[in-house]
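Enquirer: The amino acid sequence is not available; the structure is as follows:
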């Protein structure tokens, strides 16, 4: 009996830039083929973020359609709300003294982008980096984070909804304050029945966190009984052997 694996269950993903993916150059052709040869899970690097979405939604929609047409159906949506003025469209900051209008602007955006992509994404990072980005919460209150999850669920009942943050696993697990803050945010959301399905842990590494440290951290968050994903993995080092070994492990 000769068996050849056609696809595997492990989600091995990469960030993709829609403009390169959809381009007509020789580089774009190589880019498309490399993605198809090596990955079965994709996140659009910037194209679904709020400012980029409003500047050119068709680019994101075309890229998602291309991926699905070519057999990549595991696509992450990143992100709905990155709650710092610097990551929001310029007009949003002008509503800082108009909380009702600000609240509605955010909810309208969530409705817009989630409904436009309904049925095409596996995950949405509803809330991105809440530990260090709190401009919206300072005005609207932390309870408003729950409303963002509820609005996303309303317009796509099947997509998995995530919170996402960094400095959880990296740097030898040294950023305890950040990790505790993330833990408390997750507990806050769940205590208020936010429809939270998953926990994103960005994996920006410049050194190797020991496996036993990572397992201890992940085990702590596992008590929430939610899916855990490494959402933004990279290993910044000139030591390619270490990069390879750490990625393998």
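Expert: Thanks, I have it. All values reported here derive from a predicted model rather than from experimental measurement.

Enquirer: the longest strand in this protein is where?
Expert: In the chain, assigned by DSSP state E, the strand with the most residues is strand 74-81.

Enquirer: which is the next helix or strand following it?
Expert: For strand 74-81, the succeeding helix or strand toward the C-terminus, using DSSP states H and E, is helix 90-93.

Enquirer: what comes up buried for that next one?
Expert: For helix 90-93, the neighbour count (16 or more other C-beta atoms under 10 Å) marks residue 92 as buried. All C-beta atoms are positioned from the backbone trio N, CA, C, and that covers glycine.

Enquirer: Run through this protein and note the low-pLDDT ranges.
Expert: Nowhere does the chain drop to pLDDT under 70.

Enquirer: What is the burial count for residue 201?
Expert: Neighbour count for residue 201, taken as other C-beta atoms under 10 Å: 23.

Enquirer: oh sorry, the question was meant for residue 169
Expert: A total of 22 residues lie near residue 169 under the criterion other C-beta under 10 Å.

Enquirer: what's near enough to touch it?
Expert: 201, 203, 205, 209, 214, 217, 218, 230 (C-beta atoms under 8 Å, 6 or more residues apart in numbering).

Enquirer: Which residue lies closest in space to the first one, excluding its sequence neighbours?
Expert: Closest residue to residue 201 apart from its sequence neighbours, by C-beta to C-beta, 6 or more residues apart in numbering: residue 168 at 4.5 Å.

Enquirer: tell me which element the one you found is part of?
Expert: Residue 168 belongs to no helix or strand, assigned by DSSP H and E.

Enquirer: List the contacts of residue 201.
Expert: 164, 165, 168, 169, 218, 221, 228, 229, 230, 231.

Enquirer: So which of these are in helices?
Expert: Counting by DSSP state H, the contacts of residue 201 place 218, 221 in helices.

Enquirer: Just the buried ones from the contacts of residue 201?
Expert: 164, 165, 168, 169, 221, 229, 231.

Enquirer: Show me where this structure has its helices.
Expert: Using DSSP H, the helices found in the chain span residues 18-21, 26-38, 50-69, 90-93, 99-116, 135-140, 143-155, 176-191, 211-222, 240-248.

Enquirer: Name the stretch among the ones you listed that sits most buried.
Expert: helix 143-155 (a mean of 19; mean count of other C-beta atoms under 10 Å).

Enquirer: got the angle for it vs helix 99-116?
Expert: Orientation check (axes from the mean of the first three to the mean of the last three C-alpha atoms, to 10 degrees): helix 143-155 against helix 99-116 gives 30 degrees.

Enquirer: name the helices or strands packed onto helix 143-155?
Expert: Applying 3 or more C-beta pairs under 8 Å, 6 or more residues apart in numbering; DSSP states H and E, one finds that helix 143-155 contacts strand 74-81, helix 99-116, strand 123-128, helix 135-140, strand 160-165, helix 176-191.

Enquirer: rewinding a little: if we only consider the contacts of residue 201, which is nearest to residue 31?
Expert: Nearest to residue 31 among those, counting by C-beta to C-beta, is residue 231 at 21.3 Å.

Enquirer: Need phi/psi at the closest one.
Expert: The phi and psi values for residue 231, taken as degrees, to the nearest 10, are phi -100, psi -20.

Enquirer: Next one: it from residue 102, what distance?
Expert: 27 Å (C-beta to C-beta, to the nearest Å).

Enquirer: swap in residue 175?
Expert: In terms of C-beta to C-beta, residue 175 sits 30 Å off from residue 102.

Enquirer: cool, residue 37 as well?
Expert: Residue 37 is 45 Å from residue 102, by C-beta to C-beta.

Enquirer: count of residues packed around the closest residue to residue 11 other than its chain neighbours?
Expert: Spatial nearest neighbour of residue 11, excluding adjacent residues (C-beta to C-beta, 6+ apart): residue 41 at 4.1 Å. Number of residues near residue 41 (other C-beta under 10 Å) recorded here: 18.
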